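Enquirer: Using only what follows, build the 3D model:
(chains A, B, C and D)
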2 protein chains.
Amino acid sequence: MSAQPLDSSEHRSGALLDHLARRMRLRSESVLAPLGLRPRHLVALTVLRAGGGTGQQALAAILEMDSTNIVGLLNDLEAKQLIERRRSPEDRRRHVVELTEDGAKRLSEAECALAGAEDEVLGALDPAERETLYKLLSRASSGTAVNCTEAICVTDDAC
Amino acid sequence: MSAQPLDSSEHRSGALLDHLARRMRLRSESVLAPLGLRPRHLVALTVLRAGGGTGQQALAAILEMDSTNIVGLLNDLEAKQLIERRRSPEDRRRHVVELTEDGAKRLSEAECALAGAEDEVLGALDPAERETLYKLLSRASSGTAVNCTEAICVTDDAC
DNA sequence: AGGAATCGTTCGTGAGGCACCAACTATTTA
DNA sequence: TAAATAGTTGGTGCCTCACGAACGATTCCT
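Expert: Okay, the predicted model is just below:
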């Protein structure tokens, strides 16, 4: 047997991450629908806000999605004018994807709208803990710290 | 209306949760395959370890899955003898679901096997931060604190 | 006792996510 | 010029999952 109790505290977050993400996603769907967004769009927008100006194959790598499916995703967002595709001046094959002002605004609105959902899912955590969680998640999601500028709720309705 | 600008720093973890869960799940699939498990199974086992002895409709509520799909999930796990369904003595309609010893062991093995995957996904976090993350996630995932007893890796290979 | 509600089970259906392949254009690089 | 790369389009197929219908077993209500 040779039971090597490695670090003793060997806690794997994978399943919990999965579980919470699912619970959050279920609630998000309905909340996001009136904004014309789906959870996956929100992920893309969030990533773009964090590390904007990336080519869309780089984006595919970050999101770990197939490049061909990225196209459709971005088509949705571009049709709603939440992102812009511009050809890169350095390499004109490349489409540089960036959040538009509308996109940043819509993202903020969406995040506001998700407050209720998050309250349900993270109800057991107090505000400080949620903030800690947020910081850990955003650090983890982009290897380097997400600068994650001030996303202020500027809507007059949802907040 | 009534725009209450709540806490100013209004950070929503939903998208990040989704993103990280996806990345984790992609890696988990291949790692878990040799163990005959899939990410969803792991979630169920984790929940059962945390709050075992639940009826399976209660389980459906926790996992927020349709009851009918729970059946298939549990069938898989029972076929592998990782869980047991026993009729509740109090209410014989009810099937009380519990982890078997094999199930607990397999779960630990799986968690060990996921170390590599987690290293990739949470690479930006140091061990202490990962532990913090784990605690926050497990607190959140079950309203009341998951007692989350010592899950020691007792395998001789993977660890 | 009889009837309604509940738990679990099985089967089927349909929508949607997603990986993958193939072919094509535009552009860069060797 | 030839090869490689970025993006796009269209199509295919698998898997997940929510949902509905029907059923046996059991409990609860009156």
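Enquirer: ok, which residues in chain A are in contact with DNA strand D?
Expert: Residues of chain A found near DNA strand D (CB under 7 Å from any atom of the strand) are A:26, A:55-58, A:60, A:67-68, A:70-71, A:74-75, A:85, A:91, A:93-95. From N, CA and C alone the C-beta is placed, and that goes for glycine too.
Enquirer: Sort out which of those residues are buried, if you could.
Expert: A:55, A:56, A:60, A:70, A:74, A:94, A:95 (16 or more other CB atoms under 10 Å in any protein chain shown).
Enquirer: In strands, which of the residues you listed appear?
Expert: A:55, A:95 (DSSP state E).
Enquirer: now the helices: where do they sit in chain A?
Expert: Taking DSSP state H as the criterion, chain A carries its helices at A:14-32, A:39-50, A:56-63, A:67-79, A:101-113, A:115-121, A:127-141.
Enquirer: can I get these in JSON lines with mean pLDDT and distance to residue B:132?
Expert: Listed next are those as JSON lines, based on pLDDT from 0 to 100; distance: least, CB to CB, whole Å:
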{"stretch": "helix A:14-32", "mean pLDDT": "91", "distance to residue B:132": "13"}
{"stretch": "helix A:39-50", "mean pLDDT": "92", "distance to residue B:132": "21"}
{"stretch": "helix A:56-63", "mean pLDDT": "91", "distance to residue B:132": "24"}
{"stretch": "helix A:67-79", "mean pLDDT": "93", "distance to residue B:132": "32"}
{"stretch": "helix A:101-113", "mean pLDDT": "92", "distance to residue B:132": "23"}
{"stretch": "helix A:115-121", "mean pLDDT": "88", "distance to residue B:132": "18"}
{"stretch": "helix A:127-141", "mean pLDDT": "90", "distance to residue B:132": "7"}
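Enquirer: Let's have those in a markdown table, adding distance to DNA strand C.
Expert: Output for those, formatted as a markdown table (distance: least, CB to the nearest atom of the strand, whole Å):
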| stretch | distance to DNA strand C |
| --- | --- |
| helix A:14-32 | 9 |
| helix A:39-50 | 5 |
| helix A:56-63 | 9 |
| helix A:67-79 | 4 |
| helix A:101-113 | 16 |
| helix A:115-121 | 17 |
| helix A:127-141 | 16 |
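Enquirer: got these as a markdown table, with distance to residue B:15 columns?
Expert: Listed next are the helices of chain A as a markdown table, based on distance: least, CB to CB, whole Å:
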| stretch | distance to residue B:15 |
| --- | --- |
| helix A:14-32 | 9 |
| helix A:39-50 | 4 |
| helix A:56-63 | 11 |
| helix A:67-79 | 13 |
| helix A:101-113 | 8 |
| helix A:115-121 | 11 |
| helix A:127-141 | 9 |
